[in-house]
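Participant: Next come a sequence and a model predicted from it.
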Amino acid sequence: MKKLRCSSCKEEKTVDKFYKNKSTKTGYSNQCQECRKKWKPSLDQKERYNERTRNWNRKKLSGFSKEDFDNKLIEQGYRCAICNTNNPGATNWHADHDHKTGKKRGVLCHKCNTGLGLLKDDVEILCAAIEYLHHYTK
């Protein structure tokens, strides 16, 4: 059976002692399962990892690089492009983009981003919703 060297304990162990990891050259984690279970990242390490993951996801899903996103947020005065709130809500600010063309639009709060998504980014549905609200607020 193939053996790998653990990057933490430096022991050579069989591959069944390592977690699988498709992103590595070997196909396995660089730490053995035993060392991996002992490892506890600091709060700073967790935050750096979470930030890196957010940036990667934002770029992949909406096309916004970290710089694009930060510049757009500054341009909007740290406010939602739709409702103008300065409170991003439960899941922080969202990079909005056109799902058909991929074109970047702006930065939205959680509620506005969810609202657009639930209304399928469809202008006709949004207009119908506006008419509906006007009808019942008279």
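Facilitator: Okay, I see it.

Participant: Just the pLDDT for the residue of the chain most remote from its centre.
Facilitator: Distance from the C-alpha centroid of the chain peaks at K138, with 40.8 Å (CA atoms, centre = their mean). pLDDT for K138: 75.

Participant: For M1, see how far away it is.
Facilitator: Using CB to CB, to the nearest Å, K138 is found at 76 Å from M1. Every C-beta, even on glycine, is put in place using the N, C-alpha and C of the backbone.

Participant: Next one: D122 from G115, what distance?
Facilitator: Where G115 is concerned, D122 sits at a distance of 12 Å (CB to CB).

Participant: of the two, who's got more company?
Facilitator: G115 (15 against 11; other CB atoms under 10 Å).

Participant: Pretty sure that one sits in a strand.
Facilitator: No - counting by DSSP: H, G, I helix; E, B strand; the rest coil, G115 falls outside a strand, being helix.

Participant: Tell me which stretches of the chain form helices.
Facilitator: 33-38, 43-62, 66-75, 110-118, 123-136 (DSSP state H).
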